[in-house]
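Asks: Provided below are the primary sequence and the corresponding predicted coordinates.
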Amino acid sequence: MIVTTFPRTVRVIEHALIPLKDGTRLAARIWLPADAGQNPVPAILEYLPYRKRDGTYERDALTHPYLAGHGYAGVRVDMRGCGESDGLLFDEYAKQEQDDGVEVIAWLAAQPWCSGVVGKNREFSRQNRKFEPRTDFRHAGI
């Protein structure tokens, strides 16, 4: 059964650009509780090389509204060089991919609709196993 009724109204930002320190912009689609501007929420990040406009679009349309409807921001980001993001993707699990992920998390935590808490969904964790051991967010100001 597909759930389409949620405790909170959902608002979608179809195309957001996340700026990185080197000038690259990563494309994101963001699902938010409609009142997140007044009542900030935790964000759940999905950071993938599969294009947000077609590669995972149908699945995202089910998963992320559910998260937003239950009080989380669902954030789907195309990795550098993928989909609508700038740059080039040179290799799988590259250090650049991990560094970009750290910047994305810091950007999300700083948004006015975010409570400052950012989690990663299971797909993100599976795709980026090398990401966690080298990440210390205490130094990222989070």
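Replies: Sure, I can see it.

Asks: how about residue 6: what's its closest non-neighbour residue?
Replies: Once flanking residues are discounted, residue 6 sits nearest to residue 69: 2.4 Å by C-beta to C-beta, 6 or more residues apart in numbering. (Glycine included, C-beta is placed from N, CA and C.)

Asks: the one you found - how many residues pack around it?
Replies: 20 (other C-beta atoms under 10 Å).

Asks: give the contact list for the closest residue to residue 19 other than its chain neighbours.
Replies: Spatially, and ignoring its direct neighbours in sequence, residue 19 is nearest to residue 25 (5.5 Å; C-beta to C-beta, 6+ apart). Residue 25 sits next to 17-19, 85-86 when contact means C-beta atoms under 8 Å, 6 or more residues apart in numbering.

Asks: kindly recompute the last result at 10 Å.
Replies: 16-19, 80, 84-87 (C-beta atoms under 10 Å, 6 or more residues apart in numbering).

Asks: could you do residue 75 as well?
Replies: Applying C-beta under 10 Å, 6+ apart to residue 75 gives the contacts 13, 16, 18, 28-32, 43-47, 64, 67-68, 104-105, 107-108, 111, 114, 118, 121, 124.
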